[in-house]
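Peer 1: Take this sequence and fold it.
(one chain, ligands or ions: 2)
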Amino acid sequence: MCRAHGSEKVPVIDLSQTEEAAAQEVRQACISAGFFYVSNHGVPDNIMERYAEQNRKFFALPVQEKLRILADKNNRGYTPMAEETLDPANQTEGDSKEGLYIGREIPADSEEATKPLHGPNQWPSEALLPDFRPVTMEYFHAMHVLGLRLVRLIALALQLPADHFDSNFDKPLINLRPLHYSAKVSRPSEGIYGAGAHTDYGMLTLLATDKNPGLQICLDGQWQDVPPMPGMLIVNLGDMLERWTNGMFRSTLHRVISTCGCDRYSTAFFLEPNFDTVVECLPQCCIDTPARFPPTTSGQHLLDKYAQTHAGLDAGIKKLASEAA
Ligand SMILES: O=C(O)CCC(=O)C(=O)O
Ligand SMILES: [Fe+2]
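Peer 2: Ligands and ions are numbered 1, 2, ... in the order given. Got it, this is the predicted structure:
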């Protein structure tokens, strides 16, 4: 059970220091909070700003236009307001947010596209938003480079060679997910949330938010605010890293509580191992404690999770699609 707010416990890690020094700080943060900020991360402000502008334009499109690219079976495309319920046990309605899933661009006729969760992206009309795709791809690339750098820091933080996980990330499952939260004020006592409490599913998440607060994480039984910090990104670990490390590195419960009565924009970049990667306790993490989780694969874990939280992946998406037609 997670209660009222406590003090700030999310560290800032300066990525301009040596890899060894950064890895030490990453290790501490992964053990204690499962969340950290990164400063001097190398993604220019200019890209961040141009990307944020395109997202505002996308979400400002008429809903009919967005529904044209409703998320498909590969989880690429638009998820309407309240389509996702991240914490079904405690929510009385869906999250007060809409989003767009963008993955690695995989041509429909390629071998890779035969796998679940692989395929082409769905883009908004070029005539309406000519810069959306190129600017989004530029941001995607910058996050991908930074994400792989963080995977190497995490390997070092586990006292493994920096390239330990590299072969698990040469065909990664990536979701870039711009989000728009409506101005609806959250009422947790009534089960109404910006985003219900959840842990992220994969290896790690790189989050960029606008200036409005809302993100909270559950630490030591208390909800702690993780406010936006200018020029920094928020990094958190997902379930797969928790499984790999047998719980030593934390996939921390978090949620979004909207209090300002204003719209809020954020973007998560979810970096997950290749579809077929087996995720099981690293030998060094199950010497003293038996493995807490059975082995799984990256792809299966994600498919299971999406099926639990997205109405849109089954009958719901068809209903929304037929309403839009
Ligand atoms: O919008 C935020 O601040 C958090 C979003 C989030 O937790 C998610 O998309 O998994
Ligand atoms: Fe999350």
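Peer 1: Counting neighbours, what do you get for the residue lying closest to residue 119 once chain neighbours are set aside?
Peer 2: In this structure, residue 119 finds its nearest non-sequential neighbour in residue 74, 4.1 Å apart by Cβ to Cβ, 6 or more residues apart in numbering. Any C-beta I mention is one placed from the backbone N, CA and C, and that applies to glycine too. By the criterion of other Cβ atoms under 10 Å, residue 74 has 19 neighbours.
Peer 1: what's the helix or strand for residue 74?
Peer 2: Using DSSP states H and E, no element contains residue 74; it sits outside every helix and strand.
Peer 1: For the helix or strand where residue 205 lies, give me every contacting residue.
Peer 2: According to DSSP H and E, residue 205 maps onto strand 204-209. Outside strand 204-209, the residues that touch it by Cβ atoms under 8 Å, 6 or more residues apart in numbering are 48, 52, 143, 146-147, 150-151, 154, 215, 228, 233-238, 241, 264-271.
Peer 1: how about 6 Å then?
Peer 2: 143, 228, 233-237, 266-271 (Cβ atoms under 6 Å, 6 or more residues apart in numbering).
Peer 1: Near ligand 1, list only the ones from those.
Peer 2: Cross-checking these against ligand 1 (Cβ under 6 Å from any ligand atom) gives 266, 268 as the overlapping residues.
Peer 1: Mind checking which of the contacts of strand 204-209 land in helices?
Peer 2: Members of these lying in helices (criterion: DSSP state H): residue 143.
Peer 1: Got a quick ChimeraX command for the buried subset of the contacts of strand 204-209?
Peer 2: Selecting only the buried entries of the contacts of strand 204-209 in ChimeraX, with 16 or more other Cβ atoms under 10 Å as the criterion:
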select :143,228,233,234,235,236,237,266,267,268,269,270,271
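Peer 1: Show me which of the contacts of strand 204-209 is closest to residue 101.
Peer 2: residue 270 (9.2 Å; Cβ to Cβ).
Peer 1: Where does the stretch 101-250 of the chain get nearest to ligand 1, residue-wise?
Peer 2: residue 215 (3.8 Å; Cβ to the nearest ligand atom).
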